[in-house]
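> Here's a sequence, model it:
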Amino acid sequence: MPLLVVDGNAVSRTWTLTPEAERRIRKETLEGWDVYFVRSPTSSDGDGPRGSSEEVMDKIPGADVYLGFGIPRPLFLAARQLRWVHSAAAGVGSALYPEMLDSSVVLTNSAGVHAIPIAEYIVAGVLYFFRGLDIAVDQQRRREWNKQPFVGPESPLREISGARVLVVGAGGIGSEAAQRLAALGACCVGIRRHPERGAPTGFRRVAGPEAIDGELASADVVVLTAPLTEETRGFLTAERLDRLRPSAIVVNVSRGALVDESALAERLLDGRLRGAVLDVFNEEPLAADSPLWQLRSALVTPHVSPVSPGRFWARELDLFLDNWRRFVRGEELRNVVDKRAGY
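All right, here's what the predicted structure looks like:
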């Protein structure tokens, strides 16, 4: 009997497989299949855990399908008959080791499952700086009542309406963010690897990665939602940051490695950029001595933009269970990862 191993007992309660989700999997288990739910804890951080429990290591040799937060290399190497891995994370970088790349195992991810909460986070971050809430929080801490920074000639306040937003990565998250920002009056331009596929909902137009240098100079907001690949690593360099106007805002909800973090901190400190909304970093947790902690112009959060208590597993299972049925019928799966491209 083919076996599905579900490794979803995340240490973080926000991501752990809920009793309701387990009941749904049991209820919708396909005829002729067996399901094993791993009870040992696992990590849901980033692209998934670095190691695996003894329990899942014992079960993986007989698994045909594995559902977890990525799949660590030792676990993959122990799998003798694995045919499909579905990751409950969107990023798959940690699963793209040589053995996975060279195998026929299908890898799918959860791109798009987190799109709505991340899009709302992006809008909140933009409004935080556009409406001067960084100034307000700073004054509140000092118990200072001062309207001048808001109403004076140097006031940074502005409306989203009329702003030009450049979204690097016009996929599910980028499109959800663009739809919300466009609804508030922004003009959203997307950067995507295949612009010939057209502009997703929310975008005025899209362009290829080669257009980035020309687009930066007129951007009021730059949003990074592209996956981390060899092509996107270090994408927002110091030179590209210098193309932005001083009133511009950078938002990163992808991976820290997409941006030159040190160069960004320097430009925020010098006032060469209005602000940065950062949920991801080159190293996590962010080091205690990072200058970003002390900058009023940096809004720092601990990689929590996807959090939506009570909503994740409902969306996740809509995707996974549909794919499971497709897998059994021999149909094309949704969210298949291009292993060589990295997403």
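
> for the stretch 101-250 of the chain, what spans make up the helices?
With DSSP state H, counting those that start in this stretch as the criterion, the stretch 101-250 of the chain has helices at 115-130, 133-142, 148-151, 172-183, 212-216, 238-241.

> tell me what the last one is packed against?
With contacts defined as 3 or more CB pairs under 8 Å, 6 or more residues apart in numbering; DSSP states H and E, helix 238-241 has these neighbours: helix 212-216, helix 261-269. For the C-beta atoms, the positions are set from N, CA and C on the backbone; glycine is no exception.

> What of the first one?
Under the contact criterion of 3+ CB pairs under 8 Å, 6+ apart, the helices and strands touching helix 115-130 comprise helix 172-183, strand 249-252, strand 275-278, strand 298-300.

> ok, and which of the helices of the stretch 101-250 of the chain has the densest surroundings?
Sort the helices of the stretch 101-250 of the chain by mean neighbour count, taking mean count of other CB atoms under 10 Å, and helix 172-183 sits at the top with a mean of 23.

> so how far is that helix off the chain centroid?
With CA atoms, centre = their mean, to the nearest Å as the basis, helix 172-183 stands 14 Å off its chain's centre.

> Just the CA atoms of it, as CSV, please.
Provided in CSV are the C-alpha atoms of helix 172-183 (Å, rounded to 0.1, in the frame of the first residue of the first chain):
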residue,chain,number,x,y,z
GLY,A,172,1.6,35.2,-6.4
ILE,A,173,2.8,37.4,-3.6
GLY,A,174,3.8,40.2,-5.9
SER,A,175,0.4,40.1,-7.7
GLU,A,176,-1.5,40.1,-4.4
ALA,A,177,0.5,43.1,-3.2
ALA,A,178,0.1,44.9,-6.5
GLN,A,179,-3.7,44.4,-6.5
ARG,A,180,-4.0,46.0,-3.0
LEU,A,181,-1.6,48.9,-3.8
ALA,A,182,-3.2,49.5,-7.1
ALA,A,183,-6.6,49.7,-5.4
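
> could you say what helices and strands it packs with?
helix 115-130, strand 164-168, strand 187-191, strand 221-224.

> in this structure, which residue is closest to the centre?
S254 (4.4 Å; CA atoms, centre = their mean).

> one step back: any chance of the helices and strands packed on helix 115-130 in a markdown table, with mean pLDDT too?
Conversion of the helices and strands packed on helix 115-130 to a markdown table gives the following (pLDDT from 0 to 100):
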| stretch | mean pLDDT |
| --- | --- |
| helix 172-183 | 97 |
| strand 249-252 | 98 |
| strand 275-278 | 98 |
| strand 298-300 | 98 |
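
> who touches the spatially closest residue to the residue nearest to the centre of the chain that is not a sequence neighbour in this structure?
Closest residue to S254 apart from its sequence neighbours, by CB to CB, 6 or more residues apart in numbering: L224 at 4.7 Å. Residues in contact with L224 (CB atoms under 8 Å, 6 or more residues apart in numbering) are 168-169, 235-236, 250-254, 258-259.

> Now rank these by neighbours and give me the top one.
V259 (28 neighbours; other CB atoms under 10 Å).

> Which pLDDT value goes with it?
Note on V259: pLDDT of 98.

> repeat for D47
88.

> okay but it is in contact with Y97, surely?
No. Between D47 and Y97 there is no contact under CB atoms under 8 Å: 11.6 Å.

> Compare neighbour counts for these two and give me the winner.
Comparing D47 with Y97 by other CB under 10 Å, the one with more neighbours is D47, at 23 against 14.

> so what's that one closest to, chain neighbours aside?
Per CB to CB, 6+ apart, closest to D47 is S94, 3.9 Å.

> Do you know the pLDDT at the one you found?
94.

> re earlier: closest to E331 out of the contacts of L224?
G169 (27.6 Å; CB to CB).

> Next one: that closest one from D47, what distance?
17 Å (CB to CB, to the nearest Å).

> try E261
19 Å.

> Could you do E231 as well?
Taken as CB to CB, the span from E231 to D47 is 18 Å.

> and the contacts of L224 as JSON lines, adding distance to P156?
Listed next are the contacts of L224 as JSON lines, based on distance: CB to CB, whole Å:
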{"residue": "V168", "distance to P156": "23"}
{"residue": "G169", "distance to P156": "26"}
{"residue": "F235", "distance to P156": "26"}
{"residue": "L236", "distance to P156": "21"}
{"residue": "V250", "distance to P156": "15"}
{"residue": "V251", "distance to P156": "16"}
{"residue": "N252", "distance to P156": "20"}
{"residue": "V253", "distance to P156": "22"}
{"residue": "S254", "distance to P156": "25"}
{"residue": "L258", "distance to P156": "25"}
{"residue": "V259", "distance to P156": "21"}
